[in-house]
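>>> Sequence unavailable; structure follows:
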């Protein structure tokens, strides 16, 4: 069954889109990630214009983050004050990101910047995750018991603690400069707007290692601020670039909700380290695929685009 | 209406009667549908073009979609990766192009006329916006690439469609529009060739536009971007909340 997407201006198979939403939803339920980093490249690969893929994916992530955050709120795992500060940074960052996006689009470089951001950030995060989770899997295999050599977290004192405008975050048990979460929110906001992702895969490590937040509030707080950042991206993409396809977003959402439900059930059966190394491999795989596409000699050197007026 | 289309109308009204008998129009034509509607289930559409002539002759038909400025970009190596580095913008390029004729073109039409009336993809006039610092040879490569990419996207067809004729009087042909067809005003140009000249020309406009729910969404998104954005967010929040409520019950 074909359906014509009014903003993407193309005809797609309904079941293909539902299936994609379902598959990515399954993975996001399994690993507890948003899945934007998989969906956006998939949409572009299908022929959806990159601008529409990014704008629409931001819209879909609003929905998945809302449903995620409600679950975490029930368990009291959201630091609203920290989320608020991150959101302020995120608003500014995503605003800048959408603006950069429309400039890059005019220059014909938006696809390159999207690809490079994916290669760079997914590559780094994937490699770090793999390095961290593989020893765990190996240990489990060999049966040797060792303690976690990483002793990071709050309590260390670096130049970061010398910054002004200190704020107290009760839920996270932190007393740090507000500049830090503002800057993190800002940078992740730029990337989220350009890459068509929520940015959780960068935000979560940044919260743990840079801000020193306790792990149990990280996911909920990250999701909480992603809602506002992706809502801002959706609004700006819709207003400035007219690239939010609500029909496509609804279809992806329907598949995603069901997929996430099934994924979450499967997650219970897998071990933490196994999950993380699997996710690391997927993240690295996407990154390597995009890097390969940038490096090999393309079959077609030319491309055409109708001028944006 | 483009200057070219105006010229054709002029040619049709002035040139036509002087060449043929004055009492009847030498060439009449119409399309089966003046409006091709792109609805939610749109997967492409075929329309029928038909007409009559006042006697023997050869028919050539050109279908042109609305003009757009098109930028052709070329990738080249930049360190280890391939990057768009050079580009040429062509002004007023037909977004859609098809030709059809009753016989192979070279059998009845001299090349200078094919070129003047832009019959055949190699004759589409592609003027650059800024006459960039490119050699004519390089420009030719860009022009060819534009036609090739449009052809891959099914928006141009380098092949020649066939026009069926009956008793040297009636003619008809089918025009197929793919799902990716651009919207706007289209012109079908019909040329009647006799003795190596254009004896008559006729132009039939028709529209391709989005109709129904999809069209409403598109118009709304473009005219009220801010409200559209807010609605999209509201919809997403509601969907997320509903999903979470359903999860909890399950």
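That came through fine. As the structure is a computational prediction, the values presented were derived from the model and not from experiment.
>>> nearest spatial neighbour of residue B:32, skipping sequence neighbours?
In space, and not counting its chain neighbours, residue B:32 is closest to residue B:48: 3.9 Å by C-beta to C-beta, 6 or more residues apart in numbering or on different chains. For every residue, glycine as well, the C-beta is placed using N, CA and C.
>>> other SSEs contacting the helix or strand hosting the one you found?
Under the assignment given by DSSP states H and E, the secondary-structure element containing residue B:48 is strand B:44-53. For strand B:44-53, the helices and strands in contact under the criterion 3 or more C-beta pairs under 8 Å, 6 or more residues apart in numbering or on different chains; DSSP states H and E are strand B:27-31, strand B:170-178, strand B:184-194, strand B:197-210.
>>> Name every strand pairing with the longest one and say which way it goes.
This points to strand B:197-210. Partners of strand B:197-210 in the sheet, by DSSP bridges, are strand B:35-38 (parallel), strand B:184-194 (antiparallel).
>>> mind listing the helices for chain B?
Counting by DSSP state H, chain B has these helices, from start to end: B:3-10, B:16-19, B:111-116, B:136-152, B:213-223, B:225-249.
>>> swap that for the stretch 101-250 of chain A, please
For the stretch 101-250 of chain A, the helices defined by DSSP state H, counting those that start in this stretch occupy A:110-142, A:179-195, A:200-205, A:215-236, A:246-267.
>>> what does the stretch 201-309 of chain A have sitting close to chain B?
Contact residues of the stretch 201-309 of chain A with respect to chain B, defined by C-beta under 8 Å from any C-beta of the partner chain, are listed as A:227, A:231, A:234-240, A:242, A:244, A:246-247, A:249-250, A:253, A:257, A:260-261, A:294-295, A:297-298, A:300-307, A:309.
>>> ok, back up a step: would CSV of the helices of chain B with mean pLDDT be doable?
Shown next, in CSV, are the helices of chain B (pLDDT from 0 to 100):
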stretch, mean pLDDT
helix B:3-10, 53
helix B:16-19, 44
helix B:111-116, 92
helix B:136-152, 90
helix B:213-223, 89
helix B:225-249, 87
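>>> Check what pLDDT the residue nearest to residue A:42 when sequence neighbours are not counted gets.
For residue A:42, the nearest residue in space outside its immediate sequence neighbours is residue A:20; the separation is 5.9 Å by C-beta to C-beta, 6+ apart. Reading off the confidence values, residue A:20 has pLDDT 93.
>>> cool, residue A:140 as well?
The predicted local distance difference test score for residue A:140 is 59.
>>> do residue A:286 as well
88.
>>> residue contacts, it?
A:37-38, A:41, A:118, A:122 (C-beta atoms under 8 Å, 6 or more residues apart in numbering or on different chains).
>>> Now neighbour count too, for the residues you listed, in CSV please.
Output for the contacts of residue A:286, formatted as CSV (neighbours: other C-beta atoms under 10 Å in any protein chain shown):
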residue, neighbour count
A:37, 26
A:38, 22
A:41, 23
A:118, 25
A:122, 27
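>>> Tell me the one of those residues nearest chain B?
Distances from chain B to these, taken as C-beta to the nearest C-beta, are shortest for residue A:118 (13.0 Å).
>>> burial of the residue nearest to the closest one when sequence neighbours are not counted, as a residue count?
Leaving aside its chain neighbours, residue A:118 sits nearest to residue A:290 (5.0 Å; criterion: C-beta to C-beta, 6+ apart). Burial measure for residue A:290: 20 neighbouring residues, criterion other C-beta atoms under 10 Å in any protein chain shown.
>>> Tell me the spacing between residue A:290 and residue A:82.
Counting by C-beta to C-beta, to the nearest Å, the separation of residue A:290 from residue A:82 is 32 Å.
>>> just residue B:171 next, same as before
Here the distance between residue B:171 and residue A:82 works out to 74 Å (C-beta to C-beta).
>>> the more surrounded of those two?
When residue B:171 and residue A:82 are compared on other C-beta under 10 Å, the one with more neighbours turns out to be residue A:82, at 28 against 24.
>>> Give me the pLDDT value at the more buried one.
90.
>>> Tell me which of the helices of chain B lies nearest to residue A:275.
Put simply, out of the helices of chain B the one that sits nearest residue A:275 is helix B:225-249, at 19.7 Å, with distance taken as C-beta to C-beta.
>>> counting contacts, what elements does the closest one pack onto?
Contacts defined by 3+ C-beta pairs under 8 Å, 6+ apart place helix B:225-249 against helix A:50-74, helix A:215-236, helix A:246-267, helix B:213-223.
>>> what angle separates it from helix B:213-223?
Calculated by axes from the mean of the first three to the mean of the last three C-alpha atoms, to 10 degrees, helix B:225-249 forms an angle of 120 degrees with helix B:213-223.
>>> what's the angle between helix B:225-249 and helix A:246-267?
The directions of helix B:225-249 and helix A:246-267 differ by 30 degrees, with the same axes, to 10 degrees as the criterion.
>>> so what's the residue nearest to residue B:118 when sequence neighbours are not counted up against?
Leaving aside its chain neighbours, residue B:118 sits nearest to residue B:124 (5.4 Å; criterion: C-beta to C-beta, 6+ apart). Contacts were defined as C-beta under 8 Å, 6+ apart; by that measure residue B:124 touches B:93-94, B:97, B:118, B:147.
>>> Quickly name whichever of those is closest to chain A.
Within the contacts of residue B:124, the smallest distance to chain A is 8.8 Å, found for residue B:93 (C-beta to the nearest C-beta).
>>> Show me the shaky parts of the chain.
Let's take chain A. A:136-161, A:307-309 (pLDDT under 70).
>>> nope, chain B please
By pLDDT under 70, the low-scoring segments of chain B are B:1-24, B:130-133, B:249-250.
>>> before we move on, back to that, for the strand or helix carrying the residue nearest to residue A:118, buried residues please.
Under the criterion of DSSP H and E, residue A:290 resides in helix A:272-295. Neighbour-count burial for helix A:272-295, with 16 or more other C-beta atoms under 10 Å in any protein chain shown as criterion, is recorded at A:273, A:275-280, A:282-284, A:286-287, A:290-291, A:294.
>>> For the contacts of residue B:124, give me CSV that also has distance to residue A:86.
Compiled in CSV, the contacts of residue B:124 are given as follows (distance: C-beta to C-beta, whole Å):
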residue, distance to residue A:86
B:93, 46
B:94, 50
B:97, 51
B:118, 57
B:147, 50
